[in-house]
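K.L.:
attaching a predicted model along with its sequence, questions to come.
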Amino acid sequence: MKNTTAVIISFLRVGYTKKCVSSLREMYPEIKIRVGENGHYSDEMADFCKKHNAEYVDLPFDSGVCVARNRLVEGVDTEYVMVGDDDFYYINDENSKPMVKEMVEFLEVMGNFDLIGGRIFENGTLRNYQGFFEKGDGFLRYHKLDLEKGFDVAKTRNGRMKYKEVDLTFNYFVARTEKVKKVPWDEKIKVAYEHSSWFLDFKDAGNKVAFSPEPIVVHKPQIKERYPEYMSYRIRKNDKRRFFSRHNLRFIQDMNGNTDFPYSREEIDKVDFLIVTFKRAEQLENLLFSIAEFYPNAKITIADQNKRFDVVYYKDLWKRLMAKGLIYKPLAYGLDYDIGLSYCRNYLFKKTDRPYKLILDDDFIFTEETLIEKFVDILDEDKEIGIVGGAMSQNDRIINFEFNLERDGETLKHVDDGNQWKQIAGIKAKETGCVLNFALVRKEVVDKIKWDPELKVTEHTDFYLRMKEADWKIVYTPEVVANHLPHRPKDYSEFRSRDEFLIRMMKKHGLNKIQYLTGHTYELSGGAIIQYKA
């Protein structure tokens with residue numbers, strides 16, 4: 001075993017690490033051991049490792065599994081490396097046979113394989129996690145190895161070992177050190193999907209993986225200590241997003257048929273995606289297909305205020321969207337012609353039942369930066385926030401429309417909301433007085449403050465003026481971005497710009513003038529609107 005080094009990451013579970021190292025040393029007196037301290041450096045642990053002839057490597061706190069493994073492997077000078085977790089226990093009994101030496105012998109005689117993995121025994125159950133990847137356009141499916149189909153047998157120097165070629169195994173394997181060094185773990189991932197990501201990379205590099213049902217190690221042996229600090233670091237949303245983005249994935253199906261997305265499914269299951277559409281069918285389709293790409297489990301509801309509600313068209317559209325991967329069939333309501341954006345929004349809020357409502361214009365497009373789960377995290381974190389809005393990208397330029405609203409007599413001014421940024425649920429955000437029509441709204445907000453159905457357009461300023469009188473906070477984050485592809489057909493533009501509704505809104509609030517941050521000004525003069533740059 002002098003030709004093999006075991007690498008172990010210790011992280012906030014001292015009892016497990018000690019049991020792991022001592023059992024490994026007892027079973028394999030000659031194996032080299034490198035322990036990477038990813039938690040709090042401990043003189044006690046350093047002394048323990050020294051006593052068990054193991055190298056104790058101090059790493060930056062919470063640098064992550066991938067950084068830690070790479071640093072440990074970099075220092076390996078043996079032909080083979082064994083990778084195992086700090087909560088493994090190496091013992092020969094009726095349930096466990098680690099067989100590290102036999103795995104090394106397998107690689108010595110089977111030159112066409114670069115890694116061989118085994119199984120784990122946990123809480124009285126023998127667990128399997130070996131199989132194959134099926135990677136397609138935006139998806140990754142895992143397939144179990146069928147254990148009933150029999151195994152090939154390799155002759156080793158001291159016996160035989162059953163095996164099958166696979167794409168991935170548990171984090172209990174022996175590999176050729178030179179091969180592992182050429183395929184580093186992705187250091188932008190700390191702990192979520194780092195395992196799958198590495199095995200995908202290992203396969204893409206042309207390496208071959210074997211699984212044997214015979215090597216078995218105990219996982220999570222009985223210890224008295226509990227480690228709540230460890231659990232707080234276990235799930236990392238950004239790591240998960242990194243994995244999906246890096247491998248261009250929209251969803252994953254695991255070995256049990258469960259589907260996972262770049263976000264927590266529970267987060268998006270809180271959201272109704274609400275769209276008002278009018279005279280822009282092509283833009284609506286672009287938006288819907290972009291949602292299907294990034295949020296296949298989105299629940300979408302549409303208010304259509306076109307002259308004709310085309311049932312045949314929508315049925316065909318639903319079919320195409322479902323073929324693209326959308327899970328839930330959208331629902332569209334045909335409302336009266338030109339009933340107005342305000343009426344449509346109120347209608348959609350009334351017809352849907354989820355706690356959070358995502359309001360969208362029909363000329364938006366979702367991209368990798370449209371991270372709706374961040375909106376959800378912000379509302380979940382602070383119950384006083386009623387609305388969280390995002391940014392809009394147009395022609396590769398960020399369009400800002402977040403500001404405070406202040407009155408100066410009969411003049412309403414858009415006022416810079418400053419740079420008082422803070423972290424809400426780990427997301428950059430600041431309080432403001434108004435955001436774009438790209439926002440997540442609590443249902444309770446519109447239960448009390450509805451859009452004014454008398455305002456078919458210019459409803460936005462009216463709504464946020466009335467929000468000033470409410471107890472809810474409004475927040476803006478630049479970390480959630482939707483693309484805007486403005487398209488105004490001639491018969492649409494004439495409906496979009498109607499001064500009669502701006503005049504009605506201004507009179508409603510006793511305003512004579514509205515002044516934007518840019519100085520652009522709308523003034524009510526002689527019963528008409530004049531525009532100029534102040």
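P.N.:
All right, it came through fine.

K.L.:
and the residue lying closest to Lys155 once chain neighbours are set aside, its phi and psi?
P.N.:
Nearest-residue entry for Lys155: Val109, 6.7 Å, with adjacent residues in sequence omitted and distances by CB to CB, 6 or more residues apart in numbering. Using the backbone N, CA and C atoms, a C-beta is placed for each residue, glycine as well. Dihedral angles of Val109 (phi, psi; degrees, to the nearest 10) stand at phi -100, psi -20.

K.L.:
my read: Val109 touches Asn158, true?
P.N.:
No: taking CB atoms under 8 Å as the definition, Val109 is not a contact partner of Asn158, at 10.5 Å.

K.L.:
between the two, who's got more neighbours?
P.N.:
Neighbours per residue (other CB atoms under 10 Å) separate Val109 from Asn158, with Val109 holding more: 12 against 9.

K.L.:
and the more buried one, what is it in contact with?
P.N.:
Ala154, Lys155, Thr156, Arg157 (CB atoms under 8 Å, 6 or more residues apart in numbering).

K.L.:
mind redoing it with 10 Å?
P.N.:
For Val109, the contacting residues are Ala154, Lys155, Thr156, Arg157, Met161, by CB atoms under 10 Å, 6 or more residues apart in numbering.

K.L.:
again, but for Arg157
P.N.:
So Arg157 contacts Glu102, Glu105, Phe106, Glu108, Val109 (CB under 10 Å, 6+ apart).

K.L.:
what do you get if the cut-off is 6 Å, keeping everything else the same?
P.N.:
Contacts here follow CB atoms under 6 Å, 6 or more residues apart in numbering; on that basis Arg157 touches Glu105.

K.L.:
one more: the one 5 residues further on?
P.N.:
Under the criterion of CB under 6 Å, 6+ apart, the contact partners of Lys162 comprise Phe151, Val153, Ser212, Pro213, Glu214.

K.L.:
for the strand or helix carrying Tyr333, packing partners?
P.N.:
Take DSSP states H and E as the rule and Tyr333 turns out to sit in strand 331-334. Other helices and strands packing on strand 331-334, by 3 or more CB pairs under 6 Å, 6 or more residues apart in numbering; DSSP states H and E, are strand 299-304.

K.L.:
tilt between the very next helix or strand once past the strand it packs on and strand 299-304?
P.N.:
The first helix or strand that comes after strand 299-304 along the chain, using DSSP H and E, is helix 311-324. Angle of helix 311-324 versus strand 299-304, following axes from the mean of the first three to the mean of the last three CA atoms, to 10 degrees, is 160 degrees.

K.L.:
can you tell me the average pLDDT over helix 311-324?
P.N.:
Taken as a whole, helix 311-324 carries a mean pLDDT of 95.

K.L.:
distance from that helix to the middle of the chain?
P.N.:
27 Å (CA atoms, centre = their mean, to the nearest Å).

K.L.:
again with stretch 269-280
P.N.:
Centre-to-centre, stretch 269-280 and its host chain are 22 Å apart (CA atoms, centre = their mean).

K.L.:
how about stretch 179-197?
P.N.:
17 Å.

K.L.:
got the buried residues for it?
P.N.:
Across stretch 179-197, burial judged by 16 or more other CB atoms under 10 Å covers 179-180, 183, 185-197.

K.L.:
span of that stretch from start to end?
P.N.:
Start-to-end span of stretch 179-197 (CA to CA, to the nearest Å) is 16 Å.

K.L.:
same question for stretch 267-274.
P.N.:
16 Å.

K.L.:
and the contacts of that stretch?
P.N.:
With contact meaning CB under 6 Å, 6+ apart, stretch 267-274 is reached by 295, 297-301, 348, 352, 354-359, 373, 376.

K.L.:
by mean pLDDT, point me to the weakest helix or strand of this structure.
P.N.:
Lowest mean confidence among the helices and strands of the chain (mean pLDDT, DSSP states H and E): helix 490-496, at a mean of 64.

K.L.:
average pLDDT across whichever helix or strand comes after that helix?
P.N.:
Downstream of helix 490-496, the first helix or strand assigned by DSSP H and E is helix 499-508. Throughout helix 499-508, pLDDT has a mean value of 91.

K.L.:
next, the buried residues of helix 499-508.
P.N.:
Applying 16+ other CB under 10 Å to helix 499-508 flags Asp499, Phe501, Leu502, Ile503, Arg504, Met505, Met506 as buried.

K.L.:
could you check the helix or strand Leu288 falls within and say which residues are buried?
P.N.:
Leu288 belongs to helix 281-294 when assigned by DSSP H and E. For helix 281-294, burial by neighbour count (16+ other CB under 10 Å) applies to Gln283, Leu284, Glu285, Asn286, Leu287, Leu288, Phe289, Ser290, Ile291, Ala292, Glu293, Phe294.
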